[in-house]
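>>> structure for the following, please:
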Amino acid sequence: MPDLGIFIDESGDVGSNSDFYIVTLVLHDQSSSIGSQVTRFENELSYLGIPANSIIHAGPIVRREEAYKYMTLELRRKIFFKMFSFVRLCGVMQKSFFVDKKEHPSQLAIKQKLANELGAFLRENLGYFQGFRKVIVYYDNGQKMVMDLINMVFNSYLSSVDIRKIRHADYRLAQVADFICMLELLRLKERRGVALSRSEQIFFESKRRLNKVFLKTLRKISFQ
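Take a look at the predicted model:
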């Protein structure tokens, strides 16, 4: 029996700086190697003049922050699309949970909603998860609330769980979780009729292009 890897990332915070809180799970059947996909992706980064071992952060690419501050729009779009192609080729699935903080304003309320939804997801798909020898959960311990959720909910529903603290630099699929979190936030904005930010508008050009090129494909890899 193979192992199942679950890479987790979050978008937002429990304070007042974001409208939504999102937790994304990227599921990878570890009997299917992604070594060739990683090699191809890193070679493509090198062709763009980006060090092959660079950590890809989706939000800063779009907002022109951090390492991407002095890059052209064209180069940032190329990096973003290379990452998007890598996600499609890896054969992973994703499941995201979100909280509207206007409806759940406190940390306790956010945590409770996420615990309920994550628990329901594991319970409804228990047969799928039991088809693996072990479930390995990878998280960078970025937020204590998410770490608490992982320990509480996964250990409540699954009998064989290995929870590991990681660095994003060491796992491309951890960076995929970050990438999908960002796209899920944009999909949530679209569903709620929220306007794109100025940087998002510049980067994606229009909601129509964002939906047609990226969000449509995102739906295809969502865990049903």
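>>> where does pLDDT dip in the chain?
15-16 (pLDDT under 70).
>>> hmm, try it at 50
Within the chain, no stretch has pLDDT under 50.
>>> quick one: the helices in it?
35-47, 58-63, 73-90, 107-124, 126-130, 144-149, 155-157, 172-192, 198-204, 207-209, 216-220 (DSSP state H).
>>> among those helices, which comes closest to Ser11?
helix 172-192 (4.2 Å; CB to CB). (C-beta placed from N, C-alpha, C; glycine too.)
>>> dump that closest one to CSV, keeping only the CA atoms.
Extracted in CSV, the C-alpha atoms of helix 172-192 (Å, rounded to 0.1, in the frame of the first residue of the first chain):
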residue,chain,number,x,y,z
ARG,A,172,8.0,21.8,-4.2
LEU,A,173,4.5,20.5,-3.3
ALA,A,174,4.5,22.8,-0.2
GLN,A,175,5.0,25.6,-2.7
VAL,A,176,2.2,24.2,-4.8
ALA,A,177,-0.1,24.5,-1.7
ASP,A,178,0.9,28.1,-1.4
PHE,A,179,0.2,28.6,-5.1
ILE,A,180,-3.2,27.0,-4.9
CYS,A,181,-4.1,29.0,-1.8
MET,A,182,-3.5,32.2,-3.7
LEU,A,183,-5.7,31.0,-6.6
GLU,A,184,-8.4,29.9,-4.3
LEU,A,185,-8.5,33.3,-2.8
LEU,A,186,-9.0,34.8,-6.2
ARG,A,187,-11.7,32.2,-7.0
LEU,A,188,-13.4,33.2,-3.7
LYS,A,189,-13.2,36.9,-4.7
GLU,A,190,-14.8,36.1,-8.1
ARG,A,191,-17.6,34.1,-6.5
ARG,A,192,-18.3,36.9,-4.1
